[in-house]
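S.K.: Below are the sequence and a predicted model; questions follow.
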Amino acid sequence: MPGARSRRRQEANYWPGFVDALSSLLLVIIFMLSLFMLTQFFLGQELQGRDTALSRLNSQIAELTDLLQLERANSDDLTSQLASLTATLAGAEAENDDLAGQLAGIGAGLGDRDATISGLESQLLAAESLSDEANAQVALLNQQLAALRTQISALESALEASESRDSESRTQIADLGRRLNLALAQRVQDLSRYRSDFFGRLRQILENRADVRVVGDRFVFQSEVLFNPGQAEITQEGLPGLDALADAILQLEKEIPDDINWVLRIDGHTDVRPISNARFPSNWELSAARAISVAQYLVSRGVAPARLVAAGFGEFAPLDPANTEEAYRRNRRIEFKLTEG
(Lines give C-alpha, C1' and ligand atoms only; values in the text may rest on other atoms or scores of the structure.)
Protein backbone atom coordinates (compact mmCIF):
# COMPACT_ATOMS: atom_id res chain seq x y z
CA MET A 1 0.00 0.00 0.00
CA PRO A 2 2.75 2.50 0.73
CA GLY A 3 4.29 1.65 -2.66
CA ALA A 4 0.98 2.32 -4.48
CA ARG A 5 0.63 5.73 -2.78
CA SER A 6 4.11 6.68 -3.81
CA ARG A 7 3.41 5.79 -7.46
CA ARG A 8 0.20 7.89 -7.47
CA ARG A 9 2.09 10.90 -6.00
CA GLN A 10 4.73 10.65 -8.74
CA GLU A 11 2.06 10.49 -11.46
CA ALA A 12 0.22 13.54 -10.05
CA ASN A 13 3.40 15.67 -10.17
CA TYR A 14 3.28 15.83 -14.06
CA TRP A 15 0.25 18.12 -14.15
CA PRO A 16 1.85 21.37 -12.86
CA GLY A 17 4.52 21.19 -15.58
CA PHE A 18 1.91 20.55 -18.24
CA VAL A 19 -0.17 23.52 -17.01
CA ASP A 20 2.90 25.78 -17.05
CA ALA A 21 3.75 24.75 -20.60
CA LEU A 22 0.18 25.33 -21.74
CA SER A 23 0.13 28.77 -20.05
CA SER A 24 3.38 29.73 -21.77
CA LEU A 25 2.02 28.64 -25.14
CA LEU A 26 -1.15 30.65 -24.53
CA LEU A 27 0.89 33.74 -23.63
CA VAL A 28 2.94 33.34 -26.83
CA ILE A 29 -0.27 33.06 -28.88
CA ILE A 30 -1.75 36.14 -27.19
CA PHE A 31 1.49 38.05 -27.83
CA MET A 32 1.49 37.03 -31.51
CA LEU A 33 -2.18 38.08 -31.87
CA SER A 34 -1.44 41.45 -30.21
CA LEU A 35 1.53 41.97 -32.53
CA PHE A 36 -0.64 41.07 -35.54
CA MET A 37 -3.39 43.49 -34.48
CA LEU A 38 -0.87 46.33 -33.98
CA THR A 39 0.62 45.61 -37.38
CA GLN A 40 -2.84 45.66 -38.99
CA PHE A 41 -3.64 48.96 -37.22
CA PHE A 42 -0.50 50.76 -38.41
CA LEU A 43 -0.86 49.31 -41.90
CA GLY A 44 -4.48 50.59 -42.02
CA GLN A 45 -3.31 54.06 -40.93
CA GLU A 46 -0.65 54.08 -43.65
CA LEU A 47 -3.15 52.99 -46.34
CA GLN A 48 -5.68 55.60 -45.18
CA GLY A 49 -2.99 58.32 -45.43
CA ARG A 50 -2.12 57.18 -48.95
CA ASP A 51 -5.79 57.21 -49.97
CA THR A 52 -6.14 60.78 -48.64
CA ALA A 53 -3.02 61.90 -50.53
CA LEU A 54 -4.27 60.19 -53.70
CA SER A 55 -7.66 61.91 -53.41
CA ARG A 56 -5.99 65.29 -52.91
CA LEU A 57 -3.73 64.65 -55.92
CA ASN A 58 -6.74 63.73 -58.11
CA SER A 59 -8.44 66.99 -57.05
CA GLN A 60 -5.35 68.99 -57.99
CA ILE A 61 -5.17 67.22 -61.36
CA ALA A 62 -8.83 68.14 -62.05
CA GLU A 63 -8.14 71.80 -61.20
CA LEU A 64 -5.04 71.83 -63.41
CA THR A 65 -7.12 70.34 -66.25
CA ASP A 66 -9.66 73.16 -65.92
CA LEU A 67 -6.87 75.76 -65.92
CA LEU A 68 -5.35 74.15 -69.03
CA GLN A 69 -8.69 74.41 -70.84
CA LEU A 70 -8.95 78.08 -69.86
CA GLU A 71 -5.43 78.76 -71.15
CA ARG A 72 -6.24 77.01 -74.44
CA ALA A 73 -9.28 79.27 -74.86
CA ASN A 74 -7.08 82.29 -74.09
CA SER A 75 -4.56 81.08 -76.69
CA ASP A 76 -7.35 80.98 -79.32
CA ASP A 77 -8.34 84.58 -78.43
CA LEU A 78 -4.70 85.73 -78.69
CA THR A 79 -4.33 84.03 -82.08
CA SER A 80 -7.40 85.90 -83.39
CA GLN A 81 -6.05 89.21 -82.09
CA LEU A 82 -2.64 88.53 -83.66
CA ALA A 83 -4.30 87.89 -87.04
CA SER A 84 -6.16 91.21 -86.77
CA LEU A 85 -2.96 93.07 -85.92
CA THR A 86 -1.16 91.40 -88.83
CA ALA A 87 -3.89 92.60 -91.22
CA THR A 88 -3.59 96.15 -89.81
CA LEU A 89 0.19 96.10 -90.27
CA ALA A 90 -0.20 94.85 -93.86
CA GLY A 91 -2.52 97.81 -94.59
CA ALA A 92 0.03 100.23 -93.13
CA GLU A 93 2.80 98.71 -95.27
CA ALA A 94 0.62 99.09 -98.39
CA GLU A 95 0.11 102.79 -97.58
CA ASN A 96 3.87 103.17 -97.15
CA ASP A 97 4.48 101.51 -100.54
CA ASP A 98 2.01 103.94 -102.15
CA LEU A 99 3.82 106.87 -100.55
CA ALA A 100 7.16 105.53 -101.83
CA GLY A 101 5.67 105.37 -105.35
CA GLN A 102 4.60 109.01 -105.10
CA LEU A 103 8.09 109.98 -103.97
CA ALA A 104 9.56 108.10 -106.94
CA GLY A 105 7.24 110.08 -109.22
CA ILE A 106 8.47 113.32 -107.71
CA GLY A 107 12.08 112.19 -108.26
CA ALA A 108 11.33 111.45 -111.94
CA GLY A 109 9.83 114.94 -112.34
CA LEU A 110 12.99 116.45 -110.88
CA GLY A 111 15.08 114.50 -113.39
CA ASP A 112 13.05 115.98 -116.28
CA ARG A 113 13.54 119.50 -114.89
CA ASP A 114 17.31 118.89 -114.62
CA ALA A 115 17.37 117.89 -118.29
CA THR A 116 15.46 121.06 -119.19
CA ILE A 117 17.91 123.19 -117.19
CA SER A 118 20.86 121.54 -118.95
CA GLY A 119 19.29 122.39 -122.31
CA LEU A 120 18.73 126.00 -121.26
CA GLU A 121 22.34 126.33 -120.14
CA SER A 122 23.49 125.11 -123.56
CA GLN A 123 21.26 127.67 -125.23
CA LEU A 124 22.70 130.42 -123.05
CA LEU A 125 26.23 129.53 -124.04
CA ALA A 126 25.26 129.80 -127.70
CA ALA A 127 23.45 133.08 -127.10
CA GLU A 128 26.57 134.81 -125.69
CA SER A 129 27.78 135.42 -129.24
CA LEU A 130 24.59 137.14 -130.28
CA SER A 131 23.83 140.81 -130.33
CA ASP A 132 22.77 143.00 -127.45
CA GLU A 133 19.17 142.11 -128.15
CA ALA A 134 20.09 138.49 -127.83
CA ASN A 135 21.95 139.30 -124.61
CA ALA A 136 18.75 140.77 -123.20
CA GLN A 137 17.00 137.55 -124.00
CA VAL A 138 19.85 135.68 -122.33
CA ALA A 139 19.39 137.76 -119.19
CA LEU A 140 15.71 136.92 -119.19
CA LEU A 141 16.54 133.25 -119.59
CA ASN A 142 18.99 133.52 -116.68
CA GLN A 143 16.20 134.87 -114.53
CA GLN A 144 13.98 131.99 -115.56
CA LEU A 145 16.86 129.59 -114.82
CA ALA A 146 17.23 131.03 -111.30
CA ALA A 147 13.51 130.68 -110.76
CA LEU A 148 13.67 127.04 -111.89
CA ARG A 149 16.59 126.38 -109.54
CA THR A 150 14.58 127.91 -106.70
CA GLN A 151 11.67 125.61 -107.55
CA ILE A 152 14.03 122.62 -107.68
CA SER A 153 15.45 123.51 -104.28
CA ALA A 154 11.93 123.75 -102.88
CA LEU A 155 11.02 120.38 -104.39
CA GLU A 156 14.17 118.79 -102.93
CA SER A 157 13.29 120.19 -99.49
CA ALA A 158 9.76 118.85 -99.84
CA LEU A 159 11.17 115.44 -100.87
CA GLU A 160 13.48 115.33 -97.85
CA ALA A 161 10.63 116.33 -95.55
CA SER A 162 8.42 113.64 -97.09
CA GLU A 163 11.12 111.01 -96.58
CA SER A 164 11.59 112.14 -92.99
CA ARG A 165 7.84 111.93 -92.37
CA ASP A 166 7.79 108.46 -93.93
CA SER A 167 10.58 107.30 -91.63
CA GLU A 168 8.84 108.79 -88.60
CA SER A 169 5.58 107.19 -89.70
CA ARG A 170 7.20 103.75 -89.90
CA THR A 171 8.75 104.23 -86.46
CA GLN A 172 5.43 105.38 -85.01
CA ILE A 173 3.59 102.44 -86.61
CA ALA A 174 6.11 99.97 -85.17
CA ASP A 175 5.93 101.61 -81.75
CA LEU A 176 2.13 101.75 -81.90
CA GLY A 177 1.95 98.06 -82.83
CA ARG A 178 4.26 97.13 -79.98
CA ARG A 179 2.27 99.17 -77.47
CA LEU A 180 -0.98 97.80 -78.84
CA ASN A 181 0.30 94.23 -78.46
CA LEU A 182 1.40 94.94 -74.90
CA ALA A 183 -1.92 96.60 -74.05
CA LEU A 184 -3.94 93.76 -75.57
CA ALA A 185 -1.82 91.14 -73.82
CA GLN A 186 -2.25 92.96 -70.51
CA ARG A 187 -6.01 93.26 -70.99
CA VAL A 188 -6.31 89.57 -71.92
CA GLN A 189 -4.19 88.62 -68.92
CA ASP A 190 -6.29 90.80 -66.60
CA LEU A 191 -9.55 89.39 -67.96
CA SER A 192 -8.19 85.85 -67.62
CA ARG A 193 -7.33 86.51 -63.99
CA TYR A 194 -10.78 87.90 -63.24
CA ARG A 195 -12.35 84.98 -65.15
CA SER A 196 -10.40 82.53 -62.98
CA ASP A 197 -11.47 84.37 -59.80
CA PHE A 198 -15.09 84.47 -61.00
CA PHE A 199 -15.15 80.75 -61.82
CA GLY A 200 -13.42 79.93 -58.54
CA ARG A 201 -16.08 81.88 -56.64
CA LEU A 202 -18.87 80.10 -58.53
CA ARG A 203 -17.28 76.71 -57.85
CA GLN A 204 -17.38 77.44 -54.13
CA ILE A 205 -20.99 78.63 -54.30
CA LEU A 206 -22.27 75.77 -56.49
CA GLU A 207 -19.89 72.95 -55.47
CA ASN A 208 -22.74 70.84 -54.02
CA ARG A 209 -24.88 71.06 -57.19
CA ALA A 210 -24.46 67.91 -59.28
CA ASP A 211 -26.55 69.49 -62.08
CA VAL A 212 -24.09 72.39 -62.50
CA ARG A 213 -20.63 71.69 -63.93
CA VAL A 214 -17.66 73.30 -65.68
CA VAL A 215 -17.00 72.52 -69.36
CA GLY A 216 -13.83 74.21 -70.61
CA ASP A 217 -14.13 77.95 -69.89
CA ARG A 218 -17.91 77.81 -69.34
CA PHE A 219 -20.31 77.11 -66.50
CA VAL A 220 -23.13 74.79 -67.57
CA PHE A 221 -26.60 74.57 -65.99
CA GLN A 222 -28.78 71.68 -67.11
CA SER A 223 -32.08 72.98 -68.53
CA GLU A 224 -34.06 70.86 -66.05
CA VAL A 225 -32.56 72.97 -63.25
CA LEU A 226 -34.15 76.15 -64.61
CA PHE A 227 -37.06 75.22 -66.89
CA ASN A 228 -39.88 72.76 -67.31
CA PRO A 229 -39.83 70.72 -70.56
CA GLY A 230 -40.70 72.85 -73.58
CA GLN A 231 -41.00 76.04 -71.48
CA ALA A 232 -38.94 79.24 -71.21
CA GLU A 233 -40.18 80.49 -67.80
CA ILE A 234 -37.68 79.99 -64.96
CA THR A 235 -38.99 77.64 -62.25
CA GLN A 236 -38.88 78.43 -58.55
CA GLU A 237 -36.37 75.60 -58.07
CA GLY A 238 -33.94 77.30 -60.46
CA LEU A 239 -33.97 80.73 -58.78
CA PRO A 240 -31.42 80.00 -55.98
CA GLY A 241 -28.74 79.02 -58.49
CA LEU A 242 -29.34 82.16 -60.57
CA ASP A 243 -29.36 84.29 -57.40
CA ALA A 244 -25.91 82.96 -56.52
CA LEU A 245 -24.75 83.67 -60.07
CA ALA A 246 -26.13 87.24 -59.91
CA ASP A 247 -24.32 87.90 -56.62
CA ALA A 248 -21.04 86.69 -58.14
CA ILE A 249 -21.52 88.92 -61.23
CA LEU A 250 -22.30 91.98 -59.07
CA GLN A 251 -19.11 91.37 -57.09
CA LEU A 252 -17.21 90.95 -60.38
CA GLU A 253 -18.51 94.31 -61.66
CA LYS A 254 -16.96 96.00 -58.64
CA GLU A 255 -13.57 94.31 -59.07
CA ILE A 256 -12.91 94.60 -62.84
CA PRO A 257 -11.60 98.09 -63.87
CA ASP A 258 -13.80 100.17 -66.15
CA ASP A 259 -11.23 100.14 -68.98
CA ILE A 260 -11.56 96.34 -69.41
CA ASN A 261 -14.45 95.58 -71.76
CA TRP A 262 -16.15 92.30 -70.75
CA VAL A 263 -19.53 90.59 -71.02
CA LEU A 264 -21.15 87.43 -69.66
CA ARG A 265 -22.47 85.43 -72.61
CA ILE A 266 -25.59 83.32 -71.95
CA ASP A 267 -26.02 80.52 -74.49
CA GLY A 268 -29.20 78.42 -74.76
CA HIS A 269 -28.99 74.86 -76.16
CA THR A 270 -31.53 72.07 -76.80
CA ASP A 271 -31.32 68.42 -77.83
CA VAL A 272 -31.92 67.24 -81.41
CA ARG A 273 -35.56 66.27 -80.93
CA PRO A 274 -37.67 68.93 -82.70
CA ILE A 275 -40.27 71.09 -81.00
CA SER A 276 -43.08 72.80 -82.89
CA ASN A 277 -45.93 74.69 -81.27
CA ALA A 278 -47.60 78.08 -81.49
CA ARG A 279 -45.06 79.74 -79.21
CA PHE A 280 -41.84 77.98 -80.28
CA PRO A 281 -41.87 76.89 -83.93
CA SER A 282 -38.34 75.43 -83.56
CA ASN A 283 -35.64 74.55 -81.04
CA TRP A 284 -33.84 77.70 -82.06
CA GLU A 285 -36.64 79.93 -80.76
CA LEU A 286 -36.87 77.90 -77.54
CA SER A 287 -33.13 78.10 -76.80
CA ALA A 288 -33.05 81.85 -77.52
CA ALA A 289 -36.13 82.49 -75.33
CA ARG A 290 -34.52 80.59 -72.43
CA ALA A 291 -31.27 82.55 -72.73
CA ILE A 292 -33.23 85.82 -72.77
CA SER A 293 -35.26 84.76 -69.70
CA VAL A 294 -32.04 84.14 -67.77
CA ALA A 295 -30.60 87.49 -68.87
CA GLN A 296 -33.78 89.32 -67.84
CA TYR A 297 -33.77 87.67 -64.42
CA LEU A 298 -30.12 88.63 -63.84
CA VAL A 299 -30.98 92.24 -64.79
CA SER A 300 -33.83 92.15 -62.27
CA ARG A 301 -31.23 91.18 -59.66
CA GLY A 302 -29.15 94.31 -60.43
CA VAL A 303 -26.74 93.09 -63.14
CA ALA A 304 -26.02 95.76 -65.78
CA PRO A 305 -27.74 94.87 -69.11
CA ALA A 306 -24.66 96.06 -71.01
CA ARG A 307 -22.68 93.20 -69.41
CA LEU A 308 -25.00 90.44 -70.67
CA VAL A 309 -25.34 88.82 -74.11
CA ALA A 310 -28.09 86.24 -74.77
CA ALA A 311 -27.81 83.80 -77.69
CA GLY A 312 -29.73 80.72 -78.84
CA PHE A 313 -27.94 77.79 -80.53
CA GLY A 314 -30.83 75.34 -80.74
CA GLU A 315 -29.66 71.77 -81.31
CA PHE A 316 -26.65 72.79 -83.44
CA ALA A 317 -23.89 72.69 -80.77
CA PRO A 318 -24.31 69.39 -78.86
CA LEU A 319 -21.90 68.22 -76.17
CA ASP A 320 -22.78 64.57 -76.87
CA PRO A 321 -23.76 63.52 -80.44
CA ALA A 322 -25.28 60.21 -79.33
CA ASN A 323 -29.04 59.53 -79.64
CA THR A 324 -29.60 58.42 -76.04
CA GLU A 325 -31.58 59.87 -73.14
CA GLU A 326 -28.35 60.67 -71.31
CA ALA A 327 -26.99 62.52 -74.35
CA TYR A 328 -30.27 64.42 -74.74
CA ARG A 329 -30.12 65.45 -71.08
CA ARG A 330 -26.53 66.69 -71.34
CA ASN A 331 -27.27 68.70 -74.50
CA ARG A 332 -30.26 70.54 -72.93
CA ARG A 333 -28.34 73.24 -71.09
CA ILE A 334 -27.66 76.93 -70.41
CA GLU A 335 -23.99 77.96 -70.64
CA PHE A 336 -22.32 81.02 -69.09
CA LYS A 337 -19.02 82.31 -70.49
CA LEU A 338 -17.07 85.37 -69.37
CA THR A 339 -15.44 86.91 -72.45
CA GLU A 340 -14.34 90.19 -74.01
CA GLY A 341 -17.03 92.64 -75.07
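M.R.: In hand now; what should we look at?
S.K.: what sits against the residue nearest to L308 when sequence neighbours are not counted?
M.R.: Spatial nearest neighbour of L308, chain neighbours left out: A295 (4.7 Å); criterion: C-beta to C-beta, 6 or more residues apart in numbering. No exception for glycine: its C-beta is placed from N, CA and C like everyone else's. A295 is in contact with 266, 305, 308-310, counting by C-beta atoms under 8 Å, 6 or more residues apart in numbering.
S.K.: and the residues you listed, which are buried?
M.R.: The neighbour-count test (16 or more other C-beta atoms under 10 Å) marks 266, 308-310 as buried among the contacts of A295.
S.K.: taking those one by one, which sit in strands?
M.R.: Mapping these onto strands (DSSP state E) picks out 266, 308-310.
S.K.: Closest to A21 out of these?
M.R.: Of all these, A21 sits closest to I266, with 84.5 Å by C-beta to C-beta.
S.K.: what's across from the closest one in the sheet?
M.R.: With DSSP bridges as the criterion, I266 is bridged to A310, F336.
S.K.: Could you verify my assumption that it touches E335?
M.R.: Yes: with contact defined as C-beta atoms under 8 Å, I266 counts as touching E335 (7.4 Å).
S.K.: Quick one: the strands in the stretch 201-341 of the chain, in order.
M.R.: Secondary structure of the stretch 201-341 of the chain (DSSP state E, counting those that start in this stretch): strands located at 212-215, 218-222, 262-269, 308-312, 333-340.
S.K.: From L242, how far out is the residue nearest to L308?
M.R.: According to C-beta to C-beta, to the nearest Å, A295 and L242 sit 10 Å apart.
S.K.: Also R72?
M.R.: Counting by C-beta to C-beta - R72 and L242 are separated by 28 Å.
S.K.: More neighbours: the two, which one.
M.R.: L242 (20 against 11; other C-beta atoms under 10 Å).
S.K.: That one is in contact with V294, isn't it?
M.R.: Yes: with contact defined as C-beta under 8 Å, L242 reaches V294; the gap is 6.7 Å.
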